[in-house]
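*Asks:* Starting from these lines, generate the structure:
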Amino acid sequence: MILREKAVFCGRGAVIILIASFFLLLISSCVTQRNVEYLQDKSKTPKTFNEALIEDYKLKPNDELYIQISSLDDPSANVFLGTGTQQSLYMSTIQPYGASLISFTVDKEGFVLLPVIGRISVRDKTTPQVSEQIKDALTNILSQPVVTVKLVNRYVSVLGEVRSPGHFAYAQDKLTILDAIGLAGDITDYGNRDEVILTRNESGKNIRIPVDLTRSDLLASNYYYVRPNDIVYVKSLRKKFWGMRQFPYSVLISTVTTAILLYSVTK
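*Replies:* Numbering: from 1, shown residues only. Now for the predicted structure:
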């Protein structure tokens with residue numbers, strides 16, 4: 001009799017431990033609201049952050065430049081790159097990758113070869129500086145030349161726990177890391193917003209930069225804006241978010257069935 005009571009007690013204890021273990025596992029595996037929020041701050045009042053200073057991009061070998069030259073003397077300007085208006089219309093209709101077909105590539109020595117002007121050094125210069133350089137070279141050739149220089153190969157890669165990872169082209173001079181993630185369809189519920197990895201090449205060195213998207217002071221960070229050819233990698237959370245679709249009903253049913261079986265055997 002005593003042995004039977006001990007067996008019943010042990011059986012019920014095992015059932016309780018099994019159920020408790022399951023629910024502890026469930027709770028520890030869930031992602032809280034805090035894990036999926038951006039720019040968190042305890043204060044409910046508006047805050048102002050000074051915008052981080054972002055240096056103008058300096059050109060490197062293999063960069064691609066769209067160069068438009070126009071002048072009061074249109075026939076002479078056509079000798080260089082074709083009619084500026086026609087080229088602008090063409091640029092507005094082609095896809096980002098197709099823009100490279102009418103762009104000028106910076107060679108490995110940092111030079112760009114232009115009609116009539118010849119080779120000009122553009123390495124470590126900004127696009128406004130290159131524009132001014134070309135304008136000066138055309139002063140004695142064209143009447144009041146107007147030069148527009150744009151960087152064509154503005155790309156950012158977004159990988160990891162995002163909805164649509166990929167390699168994205170963008171046109172704006174300033175693209176935030178949140179904009180880049182938006183291009184990839186936002187971070188999934190499994191993504192770790194506390195430690196997003198930003199990879200950047202500077203002076204021939206690859207730099208690994210951890211970025212916390214949950215902190216509101218990100219708005220003043222030097223890494224709030226991405227640069228061309230940056231890579232944004234979103235790590236996975238150790239926890240798993242179980243929504244209505246992902247909830248493991250089969251595990252729950254199996255656990256309850258096992259508990260009932262143990263209870264009936266030890267009753």
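*Asks:* same for the strand or helix carrying residue 132, what does it pack against?
*Replies:* Using DSSP states H and E, residue 132 falls within helix 127-138. Here helix 127-138 touches strand 64-70, strand 118-121, strand 146-151, going by 3 or more C-beta pairs under 8 Å, 6 or more residues apart in numbering; DSSP states H and E. Any C-beta I mention is one placed from the backbone N, CA and C, and that applies to glycine too.
*Asks:* need those strands in CSV with mean neighbour count, can you?
*Replies:* Shown next, in CSV, are the helices and strands packed on helix 127-138 (neighbours: other C-beta atoms under 10 Å):
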stretch, mean neighbour count
strand 64-70, 21
strand 118-121, 13
strand 146-151, 18
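*Asks:* looking at the ones you listed, which is closest to residue 211?
*Replies:* The closest of these to residue 211 is strand 146-151. By C-beta to C-beta, the value is 23.4 Å.
*Asks:* got a list of contacts for the closest one?
*Replies:* 57, 59, 63-71, 84, 127-128, 130-132, 134-135, 138, 228 (C-beta atoms under 8 Å, 6 or more residues apart in numbering).
*Asks:* residues of the helix or strand following it that come out buried?
*Replies:* Downstream of strand 146-151, the next assigned helix or strand under DSSP H and E is strand 155-160. Neighbour-count burial for strand 155-160 flags 156-158, 160 (criterion: 16 or more other C-beta atoms under 10 Å).
*Asks:* Could you list every helix and strand that strand 155-160 packs against?
*Replies:* Applying 3+ C-beta pairs under 8 Å, 6+ apart, we find strand 155-160 packed against strand 166-169, helix 177-183, strand 230-236.
*Asks:* Just put the ones you listed in CSV and tack on distance to residue 201.
*Replies:* Formatted as CSV, the helices and strands packed on strand 155-160 follow (distance: least, C-beta to C-beta, whole Å):
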stretch, distance to residue 201
strand 166-169, 15
helix 177-183, 16
strand 230-236, 8
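*Asks:* Which among these is found nearest to residue 211?
*Replies:* Nearest of these to residue 211, taken as C-beta to C-beta: helix 177-183 at 6.3 Å.
*Asks:* What's the end-to-end length of stretch 137-145?
*Replies:* Taking C-alpha to C-alpha, to the nearest Å, the first and last residues of stretch 137-145 lie 10 Å apart.
*Asks:* how about that stretch: buried residues?
*Replies:* 137-138, 142, 145.
*Asks:* Just the closest of those residues to residue 196, please.
*Replies:* Of all these, residue 196 sits closest to residue 137, with 43.4 Å by C-beta to C-beta.
*Asks:* right, and the closest one touches residue 120 too?
*Replies:* Yes: because the distance of 7.0 Å satisfies C-beta atoms under 8 Å, residue 137 is recorded as touching residue 120.
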